[in-house]
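# 3D, please:
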Amino acid sequence: MAGSIHPSPGLLELELPALIRPLFQERKLNLHKLQEMHACFTLLLMWSALVSFPNPDYSVPPAGIYDTIPLPSHTATPGDTIHSLQEVVISAYETQKPWMQEAAPVAILNAAQLTRYSQASILPAMNTVAGIRMEQRSPSSYRLNIRGSSIRAPFGVREVNIYYNDVPLTSPGGDTYLNQLDMADFGQIQVIKGPAASVYGSGIGGVMLIQSPLAANAIGNPAAEQKGLQNLQLQYEAGSYQAHHVIAQGSWGSATHLQYAHYHFSRSDGYRHHTASWQHSASYESLWKPNTHRQADLWIHYNHLYYQTPGGLTLNEMLLNPRLARPASGPYPSADSAHAAIDQQNFIAGFSLSNQLSPSLQNRSAVYFAYTDLSNPTFRNVEYRKEPHMGVRTVMQYVHNLSNSKLTATAGTEWQQGFFSIVDYGNNNGKPDTLQTRYRETLLRGILFAQADVDFPHGWSATAGVSLQRNALSFYRYDPRPYTVWNLDFQNNWSPRLAILKTLFHEQMAVYVNISRGFSPPTLSELLPSTNILNTTLKPESGYNYELGWKGYALQQRLRWEWNAYLFDLQQSISQQRDSSGADYFVNAGRTRQPGMEMLVSYQLLTHSSGMLPQTSVFSSLTLTDYTYQGYAPLGHDYSGKHIPGVPPFTWVSGLQCQWLGGFSASILWNHTQAIPLNDANTAYSRTYNLVDMSVHYTRQVFHQQHIELYAGVNNLLNQLYSLGDDVNAAGGRYYNPAPARNYYAGIHWAWK
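This next block holds a predicted model:
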């Protein structure tokens, strides 16, 4: 294909370790240079372990293993580094377990990690996790790709269920507006990678569990439980392309009633033409804890977001001018003349209640109401969506200590109901013209689940869970006439999960096996995509995921590693296609074979600052995938054996963090992403890129209980030309959404506590 980018042979002939070589028989990733770099990194870790004498009085635990207790904020101030030797508790699969004892691939990011590389977006921090790729096609247009889950998402988040303080953010239609949250909404994130239908329902990518700053910092914090959290914080940041961010937040209350509120404003002209954006958002949270047996949480959030969408470019257009918006093509106008943009308002109110009914029995329940009002002028129409929905989730848990073991039995249900409307008009220079289609939809999503978790003697544990779910949708078409009704009902068979884990060497390492079935019916946006044609022939995806994992600590827990390999066989895989206007539509692509490997290594080189030597830590994460079609032949074109577009075959991310005495700290992040296939035929590829981001911070106490933080950073230091969010299978070769060139930011953060 003329003008295509193909991966260089040197990057695609990697000799893999023997343990995972069978998973990648059809593609050898030749790693000559990368093997040398990985060997150097391994030698560096070994050398550091030998020359850095173990210090039994170390005070800085490995990132992500132990929690610190910062203020309820998106950034930490100098007085916030109260190091706690309490291991992070994993709340995945509705159980409370230490990281070492969870038989599943779960990633944890706390507030300090989320803001280490950016104060404006969680994207850089999310991309440090092996198996996760967060993309940004245009400002505020995010895709969350967990093990290839964004294959089905031209925009937004699909295939991933997201919860905020136990409240579902994912709508009954299967879509999630992750961009309604801003940085001040995140206290901690836990991500389950791979199918989790046994507890969380449909979605084969995984689950994101978000804790608010108040919940993440107040629960289990002795200081907060004694006298509450009192603080006020203000932050301002300015950056390239006229970017501005303002955050005001504070918490107040007593030990039994804590409250938190924040307001966020941001605006930017954007890197490309027609990428201006602005956002207003505000949250209020009230946490009651009258005693140790009961806790209630109320969360109210409002967001108003506007961002222009520049559209995809061809390779030649990107090379000529990467800041260009999509020009006019044939009968379709340019992005500018179409006024292509998203104007989105979100409101959500959620209430959760936790009750310890007896020493052995606990109930956690949440109820919510949400409403989204969205308008979207595109190249072919102007669309208006109204999406009110509500739901409830309740979980009962029983804990029983046996003679030599412990049983945790969990059962629950989740129900969601939505009443949506979608109206499309012709686009006359960004204004609605002739009515094209008018639909109303009712959506019902329900799940019943049960799970048993047993901790046996000698480090053995086993988990068995199963769910039954139903997704029912009714479409009422009022225009064009005649009035028509379609009823779709996706009833799933049982979705089981079985996991077995064994800890070794006094619980310093563990191995586990995890087998689970994923099930994912078509989302509302796939059944009724931007073509305005209802597709009633789409079938649900389903398949089994087989996983082997190994994780552990060494060198007084200064060295941490996690490795897992998986094979996911997916039936009736749903694939995204695009027509000449840029409108997306979806087809079942038959069976896909999705093997992969993920690895994370982190190490504390120096555990405390001493003179010129800073407290230093390093990490490196590696992701390998070899996703291929098996038996996919649309319109007579057999794509069997071709690699699934949109999934990078090789990603390597490494980081270095240093902290000196006197409040100075610095971070550097390197992301190497190999060329990605962009269409089913594998005739076009994205560009291989190496991103380097750097940031420096200086914090000090200026008055009694007041701290100032000054920070600055640079993104894309090497000025790479790349696309962070391609449009796969785009007609006319319009695959590319160029990301910003080298850009800068600086800010100030004031905190009183």
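
# From now on I want contacts and neighbour counts done on CA atoms only, so please keep to that.
Noted.

# Return the distance of Gln557 relative to Ile192.
From Gln557 over to Ile192 the distance is 23 Å, taken as C-alpha to C-alpha, to the nearest Å.

# For the residue minimising distance to the centre of the chain, give the beta-bridge partners.
Nearest to the geometric centre of the chain sits Leu144, at 4.8 Å (C-alpha atoms, centre = their mean). Assessed by DSSP bridges, Leu144 has beta-bridge partners Met134.

# any idea how far Arg133 is from it?
6 Å.

# For those two, list the residues in contact with both.
With contacts taken as C-alpha atoms under 8 Å, 6 or more residues apart in numbering, Leu144 and Arg133 have no neighbour in common.

# Show me what Val511 is bridged to.
Under the criterion used (DSSP bridges), Val511 bridges to Lys502, Trp550.

# Does it touch Lys551 like I think?
Yes - under the criterion of C-alpha atoms under 8 Å, Val511 makes contact with Lys551 at 6.6 Å.

# Okay, buried residues for stretch 233-247 please.
Across stretch 233-247, burial judged by 16 or more other C-alpha atoms under 10 Å covers 233-241, 243-247.

# In the stretch 251-400 of the chain, what residue spans correspond to helices?
Ranges of helices within the stretch 251-400 of the chain are 315-320, 335-338, based on DSSP state H, counting those that start in this stretch.

# Select, out of the ones you listed, the one closest to Thr413.
helix 335-338 (44.4 Å; C-alpha to C-alpha).

# which residues are in contact with the closest one?
Helix 335-338 is contacted from outside by 274, 309-311, 325-328, 377-379, 427-430, using C-alpha under 8 Å, 6+ apart.

# Would you map the helices across the chain?
Counting by DSSP state H, one finds helices in the chain at the ranges 32-51, 111-114, 123-126, 197-200, 213-218, 222-227, 315-320, 335-338, 524-527.

# Can you spell out which helices and strands pack onto the second one?
So the one you mean is helix 111-114. Counting contacts by 3 or more C-alpha pairs under 8 Å, 6 or more residues apart in numbering; DSSP states H and E, helix 111-114 packs against helix 123-126.

# which helices and strands does the helix it packs on pack with?
If you count contacts as 3+ C-alpha pairs under 8 Å, 6+ apart, helix 123-126 packs onto helix 111-114, strand 132-138.

# Report the mean confidence score over the longest one.
Looking at strand 132-138 alone, the average pLDDT works out to 90.

# Can you spell out which helices and strands pack onto that strand?
Applying 3+ C-alpha pairs under 8 Å, 6+ apart, one finds that strand 132-138 contacts helix 123-126, strand 141-146.

# how far does the shortest one sit from the chain's center?
Between the mean C-alpha location of helix 123-126 and the chain-wide mean there is a distance of 8 Å, by C-alpha atoms, centre = their mean, to the nearest Å.

# do the same with the last one
Its chain's average C-alpha position is 6 Å from that of strand 141-146, according to C-alpha atoms, centre = their mean.

# ok, how many other residues are close to the closest residue to Ser286 other than its chain neighbours?
Distances taken as C-alpha to C-alpha, 6 or more residues apart in numbering place Gln259 nearest to Ser286, at 4.5 Å, with adjacent residues excluded. Neighbourhood size, Gln259 [other C-alpha atoms under 10 Å]: 21.

# now Ser337
For Ser337, using other C-alpha under 10 Å, the count is 15.

# before we move on, what about the one 10 residues further on?
By the criterion of other C-alpha under 10 Å, Phe347 has 19 neighbours.

# For stretch 92-107, measure first residue to last.
10 Å.

# Report the buried residues of that stretch.
For stretch 92-107, using 16+ other C-alpha under 10 Å, the buried residues are 92-95, 97, 99-107.

# Touching that stretch from outside, list them.
Counting by C-alpha under 8 Å, 6+ apart, 65, 87-91, 129, 190-194, 196, 199-200, 209, 408, 410, 499-501, 503, 507-510, 512-514, 549, 551-552, 564 sit against stretch 92-107.

# Among these, name the ones in strands.
87, 89-90, 190-193, 209, 408, 410, 499-501, 503, 509-510, 512-514, 549, 551-552, 564 (DSSP state E).

# Now the residue nearest to Gln594 when sequence neighbours are not counted. Its backbone dihedrals?
Excluding the flanking residues, the one nearest Gln594 by C-alpha to C-alpha, 6+ apart is Tyr627, at 4.3 Å. The phi and psi values for Tyr627, taken as degrees, to the nearest 10, are phi -80, psi 130.

# how far is stretch 523-541 from where the chain is centred?
24 Å.

# hang on, I meant stretch 110-124
Computed by C-alpha atoms, centre = their mean, the chain-centroid distance of stretch 110-124 equals 12 Å.

# so where's the chain uncertain?
Counting by pLDDT under 70, the chain contains low-confidence ranges at 1-87, 150-156, 219-228, 530, 578-583.

# Not counting its neighbours along the chain, what's nearest Asp727?
That would be Tyr735: by C-alpha to C-alpha, 6+ apart, it lies 4.6 Å from Asp727.

# what's the one you found in contact with, if anything?
Neighbours of Tyr735 in contact, by C-alpha under 8 Å, 6+ apart: Gly312, Leu313, Thr314, Leu315, Leu678, Asp726, Asp727, Val728, Asn729.

# what about the fourth one, distance to Tyr722?
Between Leu315 and Tyr722 the distance is 11 Å, computed by C-alpha to C-alpha.
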